[in-house]
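Colleague: sequence and predicted structure, then a few things I'm wondering about:
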Amino acid sequence: MAAIYSLYIINKSGGLIFYKDYGSAGRMDTNDSLRLASLWHSMHAISQQLSPVHGCSGIELLEADTFDLHCFQSLTGTKFFVVSEPGTQHMDGLLKQIYELYTDYVLKNPFYEMEMPIRCELFDINLAQAVLKDRVALLGR
């Protein structure tokens, strides 16, 4: 029983720099994940411009019948979003924790080039632990 189906990290230009699939049902191939990331980046940018609220940061939650999409945008424009089971709560805390892992293990990695795909073993290990810890916490709620 996975609360999180997948995780995406999109750079400020709209390019997919990280994708991780956690759900067994509805797996997407690489082209579909690239398409979804590009579409989300565009929808997020459009929602910022069309919002009647001054200073709107874009869509943070998209609820559908079969999934929820939770988004966190950093100050640099990098977007982190998870696709989860419908009605999953407290994803904002997990997204901020993933952002902290990103800053600690990716941005501080001297071999990482900005805006490029993320290939960092320490990030992967700590991300897996954070998602597992979140799943255990969800079972206790």
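Modeller: Happy to help now that I have it. Numbers count the residues shown, from 1 in each chain.

Colleague: may I have stretch 40-48 exported as PDB, CA atoms only?
Modeller: The C-alpha coordinates for stretch 40-48 follow below in PDB (Å, rounded to 0.1, in the frame of the first residue of the first chain):
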ATOM      1  CA  TRP A  40       2.900  20.600 -14.900                       C
ATOM      2  CA  HIS A  41       5.600  23.200 -15.300                       C
ATOM      3  CA  SER A  42       3.400  25.000 -17.900                       C
ATOM      4  CA  MET A  43       0.200  24.700 -15.800                       C
ATOM      5  CA  HIS A  44       2.000  26.000 -12.700                       C
ATOM      6  CA  ALA A  45       3.400  29.000 -14.600                       C
ATOM      7  CA  ILE A  46       0.000  29.800 -16.200                       C
ATOM      8  CA  SER A  47      -1.700  29.600 -12.800                       C
ATOM      9  CA  GLN A  48       0.700  32.100 -11.300                       C
END
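
Colleague: what residues of that stretch count as buried?
Modeller: Within stretch 40-48, the residues that qualify as buried are 40-41, 44, counting by 16 or more other C-beta atoms under 10 Å. Just so you know, the C-beta spots here come from the backbone N, C-alpha and C atoms, and that holds for glycine as well.

Colleague: what segments of this protein are strands?
Modeller: 4-10, 16-21, 61-63, 68-73, 79-84 (DSSP state E).

Colleague: the shortest one pairs with which strands, parallel or anti?
Modeller: Right, strand 61-63. strand 68-73 (antiparallel) (DSSP bridges).

Colleague: good, we can wrap up now.
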